[in-house]
Structure formats: structure tokens, C-alpha cells
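Asks: Next come a sequence and a model predicted from it.
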Amino acid sequence: MGYALLWLENLTVVLLLLAVRIACLGRWQRERLRVASAVIAALVILAAYAGLTGLVGYLKFALGLASHWFYPLVALTVSYAVGAAWILMSGLRQGEAGLSGPRCGSWPRGRLTAALAVALALHLMTLWNLDLAIQQQLGTVRTETGALALPVAPPRLSDRDNAALVYQQAFQVMGESTSWPKAYAEKWCNYLILGNSGFDSQDAELRAFLKQQAEALTLLREAGDKPGCYFDRDYGRPSFSMLLPELQRMREGARLLCLDARCKAADGDLRGALGDCRVVCTMAEHTSSEPLLISLLVAAAIDSLGMPTLETVLASAPPAASDLGAADLGGGLSYQRAFQRVLRMEEAFGQATFYDVATGKVSFSQLSGGPDAADHGTLSFATAPLYRLFLLEDDQEAHRHLMEQCQQWASRPYFQSKADWDGFEGMTKHESGVLTRLLLPALSHCAEIEARADAQRNLMRFALAAYRFQASHGRLPGKADELAPEFIPAVPQDPFDGKPLRMKMTDRGLVLYSIGPDMTDNGGAKFDPETKTGDIAFTVKGKEPPTPKRQASQNRAKP
């Protein structure tokens, strides 16, 4: 009702403005100049309406902006054109007999001006009242964000059980990574990403660095033994500006543990190396306990470091059953379930951002990485009222709709919802709001990362079961059914097709694999991140007779 009144008042104001202008032109003696000026005045206003309507139409139909303003603007433009034509014809027509000049010359300019002032005042008052009503409704949006966020927020833990406190101590001892040796970024990280290619376990600089980080590694292992992790965050008032300094440090700590595990495996300390691998996987679980999208992506990145490290460590020497107990990963982490929690929290953060932008606390420039705080006040003052009056409602509705769709897809296995995720980018290009496009990341890519992370977790559990089978029977399993239920409750499922993970005997060993994001069985060929083809694979090495050198190193490693 308020917007209908606003529409009517706007039309009344511009028609009265045109009438006042024509009444003033009625005193002019030169007819051609009078008519030309009146027509130009009418066309200027019509051009403004037509331009605004064309802009909204372009944003709606070409760019997919969610807006219900196009058709009201078309009606307003047409109504103005009809009204302006009637005023022009009525006012510029010659007066009745006995009167000189056009009819508009006898129009009461004072009364028309007074009517224009009253109409303009009412129009501004309607705008003011609408704005006040929207600002009052925004109070419920802030309450809604807390109601959305708190149910999925991680539970608080006692200090005794909270790994976050120990992690923070470890981060202080680690120091800033900018002060670490250059080889960390130039060489050692590549070892972890590319596998064991070129890794020199006897690198004196690496050994010295790990010795320097011995206290930090001890603290990280202590944190890995804690049952949970809770970094203190105000989830009751979510904000896009929430600081997350621990995430990068968690990844750096995981890299330290992976490097240490590779060195220990080279020295024959298989049990210690597998213990480091277990802590890396625990760090991924702790990181994923926070229902934030960036946290889930960092957790997946940590697991991406952990799987090739575990594969390398287990391939370094035949593990005994007692050694394998140090690498028990459990079965608590499911990236699919974590992704569902993350999406609910993302909706809460989105609604909080709508509130901040609509109230002027945050500008579009800040969200898009434009001008910084120096221009924040001016930009917010100019954009916030216009945004909340004319764009907020459609934008919020588009965001809610898209998030609801994503939550439905995330509740299903990835192979069942992949086609929906592939069409998500197209959905965001049609009927989505300005702020919605800034808020929604590439969720389809995130869903794929989540599925890959689940595949990696399942492969690590599957591989440990195969190694336990080998330690017990002296050979590799010939088929997956030999592992369940003695060594693993059931053969893990492949997130990319819903079938059990595959196994294949090759010259390299027993290859366990998921078909990967290309949804094609490539026979265990390693996944190529550039072409996005191949399988996510884990190779289980068969037992070989120990060489004298390896036997001696293993004996030294025993207590």
C-alpha cells in the first residue's frame, strides 16, 4: 500500500511540476518558443522516466537483478506520458473568444505552485514513513541472524577439553611464517602438495628448522589429543568482518606436522610418523567444527596435505598392527554434514550483512574490496537509504530462496545433486539481488571440494584397513569384502557415484580410488587438478623383504 501511494504521489508531483512550468510559459508572447519550451520540459521528464525504466529493465532482464520495480516504472512512464500529453494539449490550446494567448496563460500559477509544494511535502513524508517502517523491520533481521546462527554454532568447551587454547600457545611458539626459512615456501610446501617428489629427508636446513619448532610440534600433538576445539567467536551477532586469524596458522601447523612425519618415516620411526598424520587429520576435524565456509575449505586443504603424507609414510616401511593404532582416524568427520551446517551459518551471515548495508554500517564498496574506511561514511550515507527503500526486499528474498535451494542440495549425496550444483551459477545470474551476488561465493565449487574431502577421508580409512589386513594376514586383500567388518565396519562410499570405493591391483601396489569430480572411472589414474580429470587415489604398498639398512633403522627406532 505504501509503495502504491508513493507511485501515485510521484506521478502527481511531476504532472503538477509540468503544469506550473506551462503556466509560466503561457505569459510568453512568442508562440513557437512557448510551444517548443513546453514540449522540451515534458520530454526531459519523460526521458528521465524512460531512462530509469530502461536501466531497471536492463538490470532485470540482461543481468538478472531481482526487482519488482520494472513493471511499475513502465506504468508510471506511460501514465506520465498520457498526463503530460493532456496537459500540453489543454494548456497550449488557444483560449476562448475574447481571450488572447493560450489557455495556460490564465492558469492560477500561485495555486498550482502551492499544490505542487503540498504534493511534494506529502511525497517526502511518505518516503520518510516508509523508510522508518523498513528500519523498524530491520531490527527483526538482526534478531533473525542470531536465531539462525546459534543452533549451528559449536558448543563451548571447558578449558581442559578445548584444543583451541593449546593451539594458540603453539602459534605463539611457532612465530610468524614470514620469519621462517625461504625454503619453507620455495621447496618444502611443494613437497607436501606434489607428493614425495624430490623430498630430501636429510636436508640440514629442514632438520634444523624442525628442531627449532620442536616445542610447537609438541603443543600441536597435545592439542590433537583434545576432544574438541572452540575459538571464542560471537556467533550471536555474526558479521562479515569477523576476524579468523587462527585459520592460516592451523594450515601452517599442519604443514609442520607433515614435514616432521616424512622425516620420521625416513628415519624409521613409523609409529611417530603415523601419530603426526593422525594429529593432522584431527586438526582438520577441529577446523571443520566451526560452521564457517572458509573454515571448511581450510579443513579440506589440511586433509589434502594429510592424505599424501599418510600415503608416503605407510609406503616407507611395512607397518605393524601396533604402529597402525597410532593412526586411527575414527569416523566422526563428514564434510557433507559439515557443509549443511556451514550453509545455515552462511545464511545467517548473509542476513547480518543485509542489516549492516541497509543501516549504513557497511558500504557496497567495502564488500567488493573498493575504497576503504576513508570513504565509508559518504558512500553509506548515499547508498543505504536508496538500497533499503527500493532493493532490500527483493535482494533478501532472492538470497533466502538461493540459500534454501543450496541447503536442500547439500542434504543429498553429491552424486545426486551434482546437476543442481552445476546449474547454480546460472541461477545466481537470474533473479538475484545486488548484494546476493556479492555474498554468495562459488558454492558449486565448494560443494565439489566437500565431496573430494569426503573421498579423501574415506580413502584414508580404507587404506588403513587394508594395511591392518596385510599386517594380520601377510598379504594385501584381494577384494574389498575381505576388509569388512573385521578391519572396517563397511567399505566406504564414493561421494561421486554412491558406490563402494574401488580397488585395483597394479605394479605400484593396491590402488584404492574414488572416480573423482569428472565422474568417470579412470582405473585409479591420479587426479590432475589442472584438467580436473583422473581419480582420487591412494596406493597401498605390499610387503617387501626389509633391506639391511632399513632393518637397522627400524631397530634403532624401537624403544
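Replies: Great, that's in hand.

Asks: separation between residue 182 and residue 189?
Replies: 11 Å (C-beta to C-beta, to the nearest Å). (Glycine included, C-beta is placed from N, CA and C.)

Asks: quick one, which of these two is more surrounded?
Replies: residue 189 (16 against 9; other C-beta atoms under 10 Å).

Asks: check contacts around residue 488.
Replies: Residue 488 makes contacts with 461-462, 465, as judged by C-beta atoms under 8 Å, 6 or more residues apart in numbering.

Asks: Equivalent analysis for residue 282, please.
Replies: Counted by C-beta under 8 Å, 6+ apart, residue 282 has contacts residue 224.

Asks: Which of the three states applies to it?
Replies: Under DSSP: H, G, I helix; E, B strand; the rest coil, the three-state class of residue 282 is helix.

Asks: how far away is it from residue 499?
Replies: Look at residue 282 and residue 499: by C-beta to C-beta, they are 29 Å apart.

Asks: quick one: contacts of the helix or strand hosting residue 504?
Replies: Per DSSP states H and E: residue 504 is located in strand 502-506. Under the contact criterion C-beta under 8 Å, 6+ apart, strand 502-506 has outside partners 466, 476-480, 494, 510-515, 521, 523-524, 539.

Asks: helix or strand right after that strand?
Replies: strand 509-514.

Asks: helices and strands around that next one, which ones?
Replies: Contact here means 3 or more C-beta pairs under 8 Å, 6 or more residues apart in numbering; DSSP states H and E; on that basis strand 509-514 packs against helix 443-473, strand 502-506, strand 536-540.

Asks: Give the buried residues for the second one.
Replies: Buried residues in strand 502-506, defined by neighbour count with 16 or more other C-beta atoms under 10 Å: 502-503.

Asks: Likewise for stretch 106-126?
Replies: So, applying 16+ other C-beta under 10 Å, buried residues of stretch 106-126: 107, 109, 112-113, 115-116, 119, 123, 126.

Asks: In the stretch 51-200 of the chain, where is pLDDT below threshold?
Replies: Along the stretch 51-200 of the chain, the model assigns pLDDT under 70 to residues 95-100, 194-197.

Asks: run the last query once more with 80
Replies: 93-101, 193-198 (pLDDT under 80).

Asks: Helices of that one, residue ranges please.
Replies: Ranges of helices within the stretch 51-200 of the chain are 70-92, 109-149, 163-174, 182-183, 189-194, based on DSSP state H, counting those that start in this stretch.

Asks: Select, out of the ones you listed, the one closest to residue 318.
Replies: For the helices of the stretch 51-200 of the chain, the distance to residue 318 is smallest for helix 189-194, at 23.1 Å, taking C-beta to C-beta.

Asks: wait, residue 26 sits on residue 101?
Replies: Yes: contact criterion C-beta atoms under 8 Å: residue 26 and residue 101 qualify, at 6.4 Å.

Asks: Show me which of the two is the more surrounded one.
Replies: residue 26 (20 against 15).

Asks: contacting residues for the more buried one?
Replies: 34, 91, 101-107.

Asks: ok, and the closest non-adjacent residue to the spatially most central residue of the chain?
Replies: The C-alpha lying nearest the average C-alpha coordinate of the chain belongs to residue 441 (C-alpha atoms, centre = their mean; 4.0 Å). Nearest residue to residue 441 in three dimensions, chain neighbours excluded: residue 293, at 6.7 Å (C-beta to C-beta, 6 or more residues apart in numbering).

Asks: from what I can see that neighbour touches residue 446, true?
Replies: Yes: counting by C-beta under 8 Å, a contact exists between residue 293 and residue 446, whose distance comes to 6.4 Å.

Asks: The two: who's more crowded?
Replies: Using other C-beta under 10 Å, the more surrounded residue of residue 293 and residue 446 is residue 446, with 22 against 17.

Asks: Now do that one, the pLDDT please.
Replies: Residue 446 is assigned 93 on the pLDDT scale.

Asks: Please shift the residue numbers so they start at 57 in all later answers.
Replies: I'll keep to 57 as the first residue from here, and by that count the last item is residue 502.

Asks: how near is it to residue 101?
Replies: 48 Å.

Asks: can you pull the contacts of residue 280?
Replies: Counted by C-beta under 8 Å, 6+ apart, residue 280 has contacts 219, 334-335, 338-339.

Asks: quick one on the thing from earlier: on the three-state scheme, the residue nearest to the centre of the chain is what?
Replies: coil.

Asks: surely it meets residue 350?
Replies: No: using C-beta under 8 Å as the test, residue 497 is too far from residue 350 to be in contact (9.3 Å).

Asks: hang on, residue 474 packs against residue 575?
Replies: Yes: counting by C-beta under 8 Å, residue 575 is a contact partner of residue 474 at 7.2 Å.

Asks: Tell me how this structure divides into domains.
Replies: 58-149+158-193, 219-396+503-613 (automatic domain parsing).

Asks: Dihedrals phi and psi, residue 549?
Replies: phi -90, psi 150 (degrees, to the nearest 10).

Asks: Skipping adjacent residues, who's closest to it in space?
Replies: Using C-beta to C-beta, 6+ apart, the closest residue to residue 549 is residue 556 (6.4 Å).

Asks: cool, residue 161 as well?
Replies: residue 82 (3.2 Å).

Asks: gap between the one you found and residue 162?
Replies: 7 Å.

Asks: Equivalent analysis for residue 67, please.
Replies: Counting by C-beta to C-beta - residue 67 and residue 162 are separated by 25 Å.

Asks: again, but for residue 116
Replies: Between residue 116 and residue 162 the distance is 44 Å, computed by C-beta to C-beta.

Asks: What of residue 347?
Replies: 72 Å.

Asks: Which secondary structure elements does the one helix or strand residue 265 maps to sit against?
Replies: Applying DSSP H and E as the criterion places residue 265 in helix 260-268. Packing partners of helix 260-268 (3+ C-beta pairs under 8 Å, 6+ apart): helix 302-323.

Asks: What are the buried residues along the helix it packs on?
Replies: For helix 302-323, by 16+ other C-beta under 10 Å, it's 302-303, 305-323.

Asks: One more: stretch 363-383?
Replies: Buried residues in stretch 363-383 (16+ other C-beta under 10 Å): 363-375, 379-380, 382-383.

Asks: tell me the average confidence for it?
Replies: Stretch 363-383 comes out at a mean pLDDT of 90.

Asks: Output it as CSV, nothing but the C-alphas.
Replies: What follows is stretch 363-383, C-alpha atoms only, in CSV (Å, rounded to 0.1, in the frame of the first residue of the first chain):
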residue,chain,number,x,y,z
MET,A,363,46.4,-37.9,2.7
PRO,A,364,49.6,-37.8,0.5
THR,A,365,51.7,-37.6,3.7
LEU,A,366,50.0,-40.7,5.2
GLU,A,367,50.4,-42.5,1.8
THR,A,368,54.1,-41.7,1.8
VAL,A,369,54.6,-42.7,5.4
LEU,A,370,52.8,-46.0,5.1
ALA,A,371,54.8,-46.8,1.9
SER,A,372,58.1,-46.2,3.6
ALA,A,373,58.1,-49.5,5.5
PRO,A,374,55.6,-52.3,6.2
PRO,A,375,53.6,-51.1,9.3
ALA,A,376,53.0,-53.4,12.1
ALA,A,377,49.5,-53.6,13.7
SER,A,378,50.8,-51.8,16.8
ASP,A,379,52.1,-48.9,14.6
LEU,A,380,48.7,-48.6,12.8
GLY,A,381,47.0,-48.0,16.0
ALA,A,382,48.8,-44.6,16.2
ALA,A,383,47.0,-43.5,13.0
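
Asks: Which residues does it contact?
Replies: 248, 251-252, 314, 317-318, 320-322, 324, 326-334, 336, 512, 515-516, 519-520, 523-524, 526-528, 565, 594-597, 599-600, 602, 606, 610.

Asks: Kindly report the same for stretch 402-409.
Replies: Residues contacting stretch 402-409 (C-beta under 8 Å, 6+ apart): 197-198, 200-202, 204-205, 293-296, 349, 418, 423, 452, 455-456, 459, 463, 491-492, 495-496.
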